[in-house]
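>>> sharing a model prediction with you, sequence too.
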Amino acid sequence: MANQADKNAKKPNIFVRMGRKLKETFSELKRVTWPSFPKVVRGTCVVLVVVLVFTVIVTGINYGLQELLNLITKIGA
């Protein structure tokens, strides 16, 4: 029981622990290889094109299913 009390007493407070983690994070960020601006622009353009293509596809499918539903409900009525 006394051993666990010693462990809790030696544990630094939350601000000290957060400071250590923050220091580790900043040291890791210094080692990151950041992409160049043209690579970022190219990647952003690829993402926008893919989103646009999928938007057109989903909108087309939605329109087609809506027309099919309208056709079915007109026949049934």
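Received the coordinates, thanks.
>>> so where's the chain shaky on pLDDT?
Along the chain, the model assigns pLDDT under 70 to residues 1-9, 76-77.
>>> the most centrally placed residue in the chain and Phe15, how far apart?
Central residue of the chain (Cα atoms, centre = their mean): Val47, 13.5 Å from the mean position. Val47 is 39 Å from Phe15, where distance means Cβ to Cβ, to the nearest Å. (Each C-beta comes from the backbone N, C-alpha and C, glycine too.)
>>> helix, strand or coil for Lys74?
When classified by DSSP: H, G, I helix; E, B strand; the rest coil, Lys74 comes out as helix.
>>> now it: how far from Gln66?
Computed as Cβ to Cβ, the Lys74 to Gln66 distance reads 13 Å.
>>> do the same with Val58
12 Å.
>>> equivalent analysis for Cys45, please.
31 Å.
>>> swap in Val53?
Distance from Val53 to Gln66, by Cβ to Cβ: 20 Å.
>>> kindly report the same for Arg42.
For Arg42, the distance to Gln66 - Cβ to Cβ - is 36 Å.
>>> quick one, phi psi at Trp33?
In this structure residue 33 is Thr, not Trp. When read as degrees, to the nearest 10, the backbone of Thr33 gives phi -90, psi 110.
>>> what's the local residue count around it?
Neighbours of Thr33 under the rule other Cβ atoms under 10 Å: 4.
>>> enumerate every residue touching it.
The neighbourhood of Thr33, defined by Cβ atoms under 8 Å, 6 or more residues apart in numbering, contains no residues.
>>> tell me which helix or strand Val49 sits in.
Applying DSSP states H and E as the criterion places Val49 in helix 37-76.
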